[in-house]
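Visitor: I'd like to go over a predicted model; first the sequence, then the structure.
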Amino acid sequence: MPSSPISPRSPNSMGRGVKFLLPLLAALSTSAAAETLGDTESGAKIFARDCAQCHMVGPDAQNRIGPNLNSVYGRRAGGIDGFQYSKSMIRMGADGMDWTLERLDAYIENPRALVSDTRMSYRGLKDPTQRHDLMAYLRNYSDSPQNIPEAEPTALRTAPDLGPALSPEILALQGDPEYGAYLSAECTTCHLRDGSAAGIPSITNWPADDFVAAMHAYKSKLRPHAVMQMMAGRLSNEEIAALAAYYAIIQN
Amino acid sequence: MALSRRIFLSTLTATLAAPMVMAQTGKPRVVVVGGGAGGATIARYLAKDSKGALDVVLIEPARTYYTCFFSNLYLGGFQTYESLGHSYGKLATEYGINVVQDYAVGVDRDAKSVTLASGTTLSYDRLVLSPGIDFVENAVPGWSTAAQHIMPHAYKGGSQTQLLQAQMAAMPQGGTFAMVAPPNPYRCPPGPYERISMVAHHFKTNNPTAKILLIDPKETYSKQALFEEGWNIHYPGMITRIGPDMGGGVIEVRPDTMEIVVDGEAEKVDVCNVIPAQRAGNIAAIAGVTDGNWAPVHPDSMLSKADENIYVLGDATNQGDMPKSGFSANSQAKVAANHIRGALTGSTVFPAKYSNTCWSLIAPDDGVKVGASYEPTAEKIASVESFVSQTGEDAALRKATYEESLGWYAGITTDMFG
């Protein structure tokens, strides 16, 4: 077994380790839990109050003073042909701005902060709960990820904070190999456990420190690869340590 | 994988004497119905991780499983038919799973038992249904499963895939291949469009004046910009898509005369691939765990909302944002396996994490992908991050993406079958 700051627990201490782990896991699952955007019924009321004077949604929606908001998620800014947008909005679209969850959130909060000379004469909605309710209501009129997997997400993830760059504290984290074994099931959909590597690289028999460093580099998007950035992006520091602990002890 | 003597012995008895499925082993029993991406994966993970503490029974009618994923690559000539076939042998001999070659025809939820076509009744402590899809009756007027030998769906792996390939190969020069694409939701969102690409590749090589008609009831579809870009580059003028604005949603087929009727106008075609609207595989409705066409499940465990002893996986479920795909079913199986082991053996239940990636091949070495990660919320399995290949990517990246898909196929089939 390679010597490493992330040493797996010995089998004898496993029982205690697991018991000890339970409160930690409860905390993890709470902090990592995603939340669907908001309450669509409340959002419908906010839409009627703040938006419906200018915007329409639904099967018969047309462009009025504002563009219709069907399929606004994922739409290019200024993207409806023939609608009279501000120059600011058209420039944002030309620069490649799509309406993602984060951008719509920012735009509804303070329209001019995102698009300086927008024609939308709306002061903004400061209350995040109301904003997310409204976004949830609008989300119902865009593509569903079940049918179009690349469609904008429907939940806000309380993503683990990237925090400081790889610190000695992160490297020193003791991972739980049992949790690592569970998490590793996501890896083996693509990576072969026997170490063979055609098209997809081998991930077995890596020194634990290198493993941790690589996963953090994906998480911070320093390493390019959309699938790996996504996979690592939602792993907490403890979960990366758990995976490293597991991969340090498996044998082919 | 190292085998304990105990697992090895129980495997021997199970495989040598089929009636042993009735034997009371004293261990909690999990019965898994369906040996595809969901069922094979969960059977393997349950057996592997419980280390003999669970009696795992896998019910699957096919002796060899032919994957539906990658079947388009066979149509395009990039894979052999044999390469799509996988045996359950290792699951039985190396993992001690009792693989029963039969159909499940009934579920008694009160008695917690499953009846097989052979008449055998199997009791369970937990039941996993992973039956894939069946087709909605009369979804395409004129088409029924009785017509699938004339107008194949080829949307379940196996002989239907071979039939469609044979029809393509036999199509007269300059003939017309039609596909009736399904409405949402259906198995493998980019699948019909990857198939169009692979059919077009076959014709470009073997029948360059052939025409492809795609009749589609949907306004938009997955990876649309990527497919349209690829079709223009690789197969200019060959493919015509008739969307709902042109009558693509008002379709009738006439298998007897090989005609399709779009918006009231009949047209003769040479090959017609009808992919109808879909629903959960029959056994889910028989078990009474469906609501409408699909089986609702709890987002943190894949446990049926109708029965606390039944889990449902994969295409058959209504879970939220995950597309119906082999990758999704494989991902869901691991979460459910962890949950079942927790319930039956007291092992630690870890938080659910799900993911999916769908690769599609547009032309030789021109691969694209779409993927997302998912987490349970109170209401559903929700998408939290997604990515998709971009138009205009360079050839090296597209080639790497295609090679990655080959690696994934090796990975997931090993994850399913050992």
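Guide: Structure received.

Visitor: contacts, neighbours, all on C-alpha from now
Guide: Fine.

Visitor: isn't B:Gly320 right next to A:Ser144, touching?
Guide: No - with contact defined as CA atoms under 8 Å, B:Gly320 does not reach A:Ser144; the gap is 9.2 Å.

Visitor: Give me every residue in chain A lying close to chain B.
Guide: Contacts of chain A with chain B, taken as CA under 8 Å from any CA of the partner chain, map to A:18, A:25, A:29, A:33-36, A:144-157, A:179, A:182, A:185-186, A:188-192, A:197-200, A:226-227, A:230-231.

Visitor: so how far is chain A from B:Asp102?
Guide: The gap separating B:Asp102 from chain A is 27 Å, by CA to the nearest CA, to the nearest Å.

Visitor: what about the closest residue to that residue other than its chain neighbours, helix or strand, and which?
Guide: The spatial neighbour of B:Asp102 that comes closest, neighbours along the chain excluded (CA to CA, 6 or more residues apart in numbering or on different chains), is B:Pro61 at 4.4 Å. Secondary structure assigned from DSSP states H and E places B:Pro61 in neither a helix nor a strand.

Visitor: so how far is B:Gly36 from B:Pro61?
Guide: Computed as CA to CA, to the nearest Å, the B:Pro61 to B:Gly36 distance reads 11 Å.

Visitor: Which one's more surrounded, the two?
Guide: B:Gly36 (24 against 17; other CA atoms under 10 Å in any protein chain shown).

Visitor: For the more buried one, which residues are in contact?
Guide: When contacts are counted by CA atoms under 8 Å, 6 or more residues apart in numbering or on different chains, B:Gly36 is found next to B:65, B:67, B:130-132, B:326, B:416.

Visitor: Just put those residues in TSV and tack on pLDDT and distance to B:Val312.
Guide: Output for these, formatted as TSV (pLDDT from 0 to 100; distance: CA to CA, whole Å):
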residue	pLDDT	distance to B:Val312
B:Tyr65	97	20
B:Thr67	98	19
B:Ser130	98	6
B:Pro131	98	8
B:Gly132	98	10
B:Gly326	98	14
B:Met416	98	17
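
Visitor: Could you single out the nearest of those residues to chain A?
Guide: For chain A, the closest of the contacts of B:Gly36 turns out to be B:Met416, at 8.8 Å, with distances computed as CA to the nearest CA.

Visitor: Leaving out chain neighbours, which residue sits closest to that closest one?
Guide: Using CA to CA, 6+ apart and skipping residues adjacent in sequence, the residue nearest B:Met416 is B:Thr41, 4.3 Å away.

Visitor: Now name the helix or strand holding the one you found.
Guide: Taking DSSP H and E as the criterion, the element that holds B:Thr41 is helix B:39-50.

Visitor: now the closest residue in space to B:Thr257 that isn't next to it in sequence, which residues is it bridged with?
Guide: Counting by CA to CA, 6+ apart, the nearest residue to B:Thr257 once its immediate chain neighbours are dropped is B:Lys268, at 7.6 Å. Under DSSP bridges, the beta-bridge partners of B:Lys268 are B:Glu259.

Visitor: Tell me who's in contact with B:Lys268.
Guide: Contact partners of B:Lys268, counting by CA under 8 Å, 6+ apart, are B:257-260.

Visitor: who wins for neighbours among these?
Guide: Neighbour counts for these were taken using other CA under 10 Å; the highest belongs to B:Ile260, which has 23 neighbours.

Visitor: wait, doesn't that residue sit right on B:Asn273?
Guide: No - under the criterion of CA under 8 Å, B:Ile260 is not in contact with B:Asn273, lying 10.8 Å apart.

Visitor: Got the domain ranges for chain B?
Guide: Following the assignment in automatic domain parsing, chain B carries domains at B:5-134+B:279-349, B:141-276.

Visitor: how far away is the closest residue to A:Ala155 other than its chain neighbours from A:Tyr247?
Guide: The shortest distance from A:Ala155 to any non-neighbouring residue, by CA to CA, 6+ apart, is to A:Thr36 (4.1 Å). As defined by CA to CA, A:Thr36 lies at a distance of 33 Å from A:Tyr247.

Visitor: which element is the spatially closest residue to A:Ile80 that is not a sequence neighbour on?
Guide: Computed as CA to CA, 6+ apart, the closest residue to A:Ile80 that is not its neighbour in sequence is A:Pro67, at 7.4 Å. Taking DSSP H and E as the criterion, no element holds A:Pro67; it sits outside all helices and strands.

Visitor: Number of residues surrounding A:Pro67?
Guide: When neighbours are counted by other CA under 10 Å, A:Pro67 registers 21.

Visitor: Same question for the one 4 residues further on.
Guide: The local packing of A:Ser71 (other CA under 10 Å) involves 18 other residues.

Visitor: in terms of contact, does it touch A:Tyr137 like I think?
Guide: No - A:Ser71 is not in contact with A:Tyr137 according to CA under 8 Å; the separation is 11.9 Å.

Visitor: what residue ranges in the stretch 1-150 of chain A score low on pLDDT?
Guide: When residues are selected by pLDDT under 70, those of the stretch 1-150 of chain A lie in A:1-33.

Visitor: Now name the helix or strand holding the residue of it found nearest chain B.
Guide: Using CA to the nearest CA, the point where the stretch 1-150 of chain A gets nearest to chain B is A:Gln146, with a distance of 4.2 Å. For A:Gln146, there is no helix or strand it lies in under DSSP H and E.

Visitor: Torsion angles phi and psi at it?
Guide: According to degrees, to the nearest 10, the main-chain angles of A:Gln146 amount to phi -60, psi -40.

Visitor: wait, it sits on B:Pro185?
Guide: Yes - in terms of CA under 8 Å, A:Gln146 counts as a neighbour of B:Pro185; the distance is 7.2 Å.

Visitor: Comparing the two, which residue is more hemmed in?
Guide: When neighbours are counted by other CA under 10 Å, A:Gln146 comes out ahead of the other of A:Gln146 and B:Pro185, with 24 against 18.

Visitor: Do I have it right that B:Pro189 meets B:Met322?
Guide: No - applying CA under 8 Å as the test, B:Pro189 and B:Met322 come out as separate, 10.6 Å apart.

Visitor: Between these two, which contacts overlap?
Guide: Overlap between the contact sets of B:Pro189 and B:Met322, as judged by CA under 8 Å, 6+ apart, is given by A:Pro149.

Visitor: between these two, which one's more packed in?
Guide: Neighbours were counted for B:Pro189 and for B:Met322 using other CA under 10 Å; B:Met322 has more, 32 against 23.

Visitor: OK, contacts around residue 134?
Guide: Just going to use chain A. A:Leu134 makes contacts with A:38-40, A:42-44, A:46-47, as judged by CA under 8 Å, 6+ apart.

Visitor: Chain B, not that one
Guide: B:278-282.

Visitor: Quick one: neighbours of residue 174, just the number.
Guide: Since no chain was named, I'll use chain A. The burial count assigned to A:Gln174 is 20, neighbours taken as other CA under 10 Å.

Visitor: should've been chain B
Guide: Counted with other CA under 10 Å, the neighbours of B:Gly174 add up to 13.

Visitor: Am I right that it falls within a strand?
Guide: No - B:Gly174: not assigned to a strand; according to DSSP: H, G, I helix; E, B strand; the rest coil it is coil.

Visitor: Tell me how far the nearest residue to it once chain neighbours are set aside lies from B:Ala200.
Guide: Excluding the flanking residues, the one nearest B:Gly174 by CA to CA, 6+ apart is B:Ala210, at 4.0 Å. Between B:Ala210 and B:Ala200 the distance is 9 Å, computed by CA to CA.

Visitor: tell me, what's touching these two both at once?
Guide: Jointly contacting B:Ala210 and B:Ala200 under the rule CA under 8 Å, 6+ apart are B:Met238.

Visitor: Cool, thanks, signing off.
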